[in-house]
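In: Fold the following for me, if possible:
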Amino acid sequence: MPRQHKRAKRRLRERLKPGVELSNQPDFLLLDVIHLPRDFRASPWKLLAQRLMWAAGLLVFVTILVYVDQGGYNVEHLSLLDAAYYSGVTLTTVGYGDIVPVTEEARLVNLIFITPTRLVFLALLVGATLSVLTDRTRRTYQIQKWRKQLHNHTVVVGYGTKGAGAVAALLADDVPANQIVVIDTNRQALANAEHKGLVSIYGSGTKTDVLKIAGVPHAKSVVVTPSTDDTAVLVTLSVRELAPRANIVASVRESENRHLLQQSGANSVVTSAETAGRMLGLATVTPTVVEMMEDLLSPDAGFSVAERPVREFEVGSNPRHLADIVLAVLRDDEVHRVDTANASSLKPGDRLLYIKHDQEKPAEVSGDEDK
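Out: Numbers count the residues shown, from 1 in each chain. As a prediction, this is how the structure comes out:
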């Protein structure tokens, strides 16, 4: 059986192996695959428009300056059009020579005001052009820098309803947005992720090269939330092979497929259909219980389930006697419910799963009160 299992995994890898390994491609060929969050206010086209407005303002400034001093030029009656014409050919360094300053005052104004303005004008136009032309180079450099610094991050495979909910929970728990990478084949979903400051990868999470680009081998956690259970199994197998030590949390629709995810390497499996069914049943009998459960599962409002280490003065205490509402004790990677014998006395190194309010810190209990 183990030999057949290995052969099946080898056939699966060969079937999923892409024709071209994206992870071996140079960074400039990945601009349509990796999308780093942008500051949309600093897009090159907006910068170009802003700089053109500044250039137009400088042109108007020089035109007024020349028109006020119209007697200092070699034109008998310098009109406003002549002043604008002179300003244009001067700022662009064309300089036809048909209109020139002839008096000392006009030459002094050109030296003090118009010459520096010409330099600023040229810098604006050249800078705007370079900004547009070098956008691909800048993005390539950003991708290269991002890939080098990527480690201990969280990868979310699938940015549907479940994936977006998982990301919302991570952000609510103060996980930085730049430490979350989203993989999906839906461009609109990736655009939504990018608007939230997330790095997005276009591709299938079943492809090894796509997972490599997302930095799965160096990831701390991977959340697997595809739309079908068979895809979840394939993704989990690929992720576990690339990242043997990563914490994999997978979602499965049907409970009978739960063991497949666990055998594929998932550390935790959430059954979405079964959980939803239980919530519907509770809502029929006791709707208020469902409201409380929704409150606990919404980390950005009301109450939420959180985790914290046991404080020094709490060692030896019964968790049910603490000021916080403790649900379970985490000890040696095992969860012990608060009503079990193993959780009757807290030990150093334990961690508590408890209920906290989003606007309140856990109540501190003095050593005297605990005694």
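
In: Tell me who's in contact with residue 102.
Out: Residue 102 is in contact with 72, 73, 74, counting by CB atoms under 8 Å, 6 or more residues apart in numbering. Glycine gets a C-beta too; all of them are placed from N, C-alpha and C.

In: mind giving me JSON lines with these and columns for pLDDT and distance to residue 231?
Out: Shown next, in JSON lines, are the contacts of residue 102 (pLDDT from 0 to 100; distance: CB to CB, whole Å):
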{"residue": "72", "pLDDT": "85", "distance to residue 231": "77"}
{"residue": "73", "pLDDT": "86", "distance to residue 231": "76"}
{"residue": "74", "pLDDT": "83", "distance to residue 231": "79"}
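
In: What confidence value was assigned to the residue in the chain sticking out farthest from the centre?
Out: Here the centre of the chain is the reference, and by CA atoms, centre = their mean the most remote residue is residue 76, at 63.9 Å. pLDDT for residue 76: 79.

In: Now the residue nearest to the spatial centre of the chain: phi and psi?
Out: Of all residues in the chain, the one closest to the mean position by CA atoms, centre = their mean is residue 198, 1.5 Å from it. As for residue 198, its main-chain torsions (degrees, to the nearest 10) stand at phi -100, psi 150.

In: Check whether it really touches residue 183, as I assumed.
Out: No: the pair residue 198 and residue 183 does not pass the contact test of CB atoms under 8 Å, sitting 10.7 Å apart.

In: where do the helices sit along the protein?
Out: Remark: helices assigned in the chain by DSSP state H are 2-16, 44-68, 80-91, 104-109, 115-133, 135-149, 161-172, 187-195, 208-213, 229-242, 258-264, 272-285, 287-296, 367-370.

In: residues in contact with the fourth one?
Out: It stands for helix 104-109. Against helix 104-109 from outside (CB under 8 Å, 6+ apart): 65, 69, 72, 73, 101.

In: what's the average pLDDT for that helix?
Out: 83.

In: Could you list the low-pLDDT ranges of the protein?
Out: In the predicted model, the chain carries pLDDT under 70 at residues 1-33, 38-48, 127-136, 273-283, 289-290, 292-303, 357-371.

In: The same query, at a cut-off of 80, please.
Out: The chain contains residues with pLDDT under 80 at 1-52, 76, 92-97, 118-119, 121-144, 172-173, 272-306, 333, 356-371.

In: Report the separation between residue 338 and residue 109.
Out: Counting by CB to CB, to the nearest Å, the gap from residue 338 to residue 109 is 83 Å.

In: Ok, residue 288 next?
Out: From residue 288 over to residue 109 the distance is 80 Å, taken as CB to CB.

In: The two - which one has more neighbours?
Out: Taking neighbours as other CB atoms under 10 Å, residue 288 and residue 109 compare with residue 109 leading, 19 against 9.

In: I am finished for the moment; much appreciated.
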